[in-house]
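Chemist: here you go, sequence then predicted model.
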Amino acid sequence: MRGATAVKIFGTITLQEVIVLCLTAMLFVGQPFGNLSQIAFISLAVAGVLVFHNDKSIARSIGIKQIGIVVLLLGLPGVFSLLSTVNSGETTKFAGFLPVFFFAGVTIFSLCMNYKLLDVLVTIIAITSVVWVLDSIVQYFTGNDLLGNPMVATVRVSGPFSNTHLGMLLTVTLPITLKWLARFGWTCQIVYILVLAFTLFFTGVRTDILTFILSIFVFYVFYIRTTCGRLIFISCFVPMLVFVGWVGITNSAIAKARFETTTAIFQQGDFRNNLNRALSGRIEIWEASWSMFNEEPITGIGANSFQEAYQSHKPDSEMGNEVLLVNDAYHVHHVWIGILAETGMVGFFGLVGAIAFLVFLTCKSRGGFNLYTYPWMLSFLLIINPFNTMPPLFKLWWVPIVLLVIVVHLVELHRGDRTVLQRAEH
């Protein structure tokens, strides 16, 4: 039976694989609907335990070992932070969650090694992204999206979401969607980008806008192979993007306010305070984070412990600041600073190690370090880029996306090598 399972993974599609495909797709598709993606995530972890126990070819495979290395690099620093945590309960929960993260990865890996199903998964993500963007446009013109959800506070389009997670999800997975759209030609790509750009600029979330611009630039550097082609693309596409961005900002009260606040950074007054107001109090949060790091530089103040530690580390009037803008912060709003604060230098080098490991594997692969060939790698780099405000592992809604991106990229590195499951047995 085990041998038959190993053959099926490259051949016919079984009922079990269809069920797992639905659960894996829910990690992305289910994001707007309460805890649906988290339920799917836990279900995948339970299935992963069974897969790991029953299918030794999967358990011993190269890909699973690579997933294990990444999980250890990202997660062990959180375990070490138990030595200095200010919130032992939350940090213990984080440590206990690591096996869930790993075994969910086992299930996703075993599913996606059937490349037919991987292609279906990519198609689902791309089509869902297009539908979400169209939903947000319907919301802009009618005031309600297709599900009847109104615009957030009448000024932000969020599609089927009740928050601003729409932009974050669509920007970090933009390379996957663009590569899928590439099969239909340039027109589909450009239309999608411009409509998404309008949505992002109208919503006014600067993190999403910066990540979007970074994603577009890097993707097309690898997609367009010639210098002449890149120049033509820039000269034709960038003016359209600027115009759409201008239309989005000028038609949105919150986007205009954000733009005016941003340009006020260099006005008269203390630069630090101007910058803090422009970033909605982020400077205060980052100063508190740096104070936490100085207190526990090796292992940090504990994974998932930032909110409790903030009260004793936040700036005060004695430091010469204006009125405090953030009295209670629930996370750091910066990938790298958050890692330093909560897991110290151990966490910092763990994240660097995970990035270096994935880059090394990518460079060694048949496709080399080509972020068009491997758009999931580009998505991972977007997740950990310094403009991103969302910590990779400390927010439960975000963790399934991080895992999906890492595991599918590792599967893509083995694409076309159907002996990958058997190698570890010899």
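Modeler: Received, thanks. Bear in mind that the values here come from a model prediction, so they are computed numbers and not experimental data.
Chemist: what about the nearest residue to Arg415 once chain neighbours are set aside, how many residues nearby?
Modeler: Distances taken as C-beta to C-beta, 6 or more residues apart in numbering put Tyr115 closest to Arg415, at 6.3 Å, once the chain neighbours are dropped. The way it works is simple: take the backbone N, C-alpha and C, and place the C-beta from them, glycine included. Applying other C-beta atoms under 10 Å, we find 16 other residues in the vicinity of Tyr115.
Chemist: centroid-nearest residue for this protein?
Modeler: A centroid search over the chain (C-alpha atoms, centre = their mean) returns Ile383, at 4.2 Å, as the residue closest to the centre.
Chemist: Phe202 versus the nearest residue to that residue once chain neighbours are set aside, what's the distance?
Modeler: Leaving aside its sequence neighbours, Ile383 sits nearest to Val172 (C-beta to C-beta, 6+ apart; 5.4 Å). Per C-beta to C-beta, to the nearest Å, Val172 is found 19 Å from Phe202.
Chemist: got it, and Pro297?
Modeler: 42 Å.
Chemist: how about Ser379?
Modeler: 24 Å.
Chemist: likewise Thr177?
Modeler: 19 Å.
Chemist: with Thr187 instead?
Modeler: Noted for Thr187: a distance of 23 Å to Phe202, by C-beta to C-beta.
Chemist: which one of the two is surrounded by more residues?
Modeler: Neighbour totals were compared for Thr187 and Phe202, and Phe202 leads with 24 against 9 (other C-beta under 10 Å).
Chemist: for whichever helix or strand the more buried one is part of, name the packing helices and strands.
Modeler: Taking DSSP states H and E as the definition, one finds Phe202 inside helix 186-203. In terms of contacts (3 or more C-beta pairs under 8 Å, 6 or more residues apart in numbering; DSSP states H and E), helix 186-203 is packed against helix 115-142, helix 165-172, helix 174-181, helix 206-223, helix 227-250, helix 253-263.
Chemist: worst average pLDDT in these?
Modeler: Among these, helix 253-263 has the lowest mean pLDDT, at a mean of 82.
Chemist: buried stuff in it?
Modeler: Ile254, Ala255, Arg258, Phe259 (16 or more other C-beta atoms under 10 Å).
Chemist: surely the third one meets Thr203?
Modeler: Spelled out, that is Arg258. No. Arg258 is not in contact with Thr203 according to C-beta atoms under 8 Å; the separation is 9.6 Å.
Chemist: how about low-confidence regions in the stretch 301-426 of the chain?
Modeler: Within the stretch 301-426 of the chain, the ranges that satisfy pLDDT under 70 run 317-322, 416-426.
Chemist: in contact with Ile406, which residues are there?
Modeler: Ile406 makes contacts with Ile67, Val70, Gly105, Leu358, Phe380, as judged by C-beta atoms under 8 Å, 6 or more residues apart in numbering.
Chemist: again, only using 7 Å
Modeler: Going by C-beta atoms under 7 Å, 6 or more residues apart in numbering, Ile406 touches Val70, Phe380.
Chemist: and the longest helix for this structure?
Modeler: helix 335-364 (DSSP state H).
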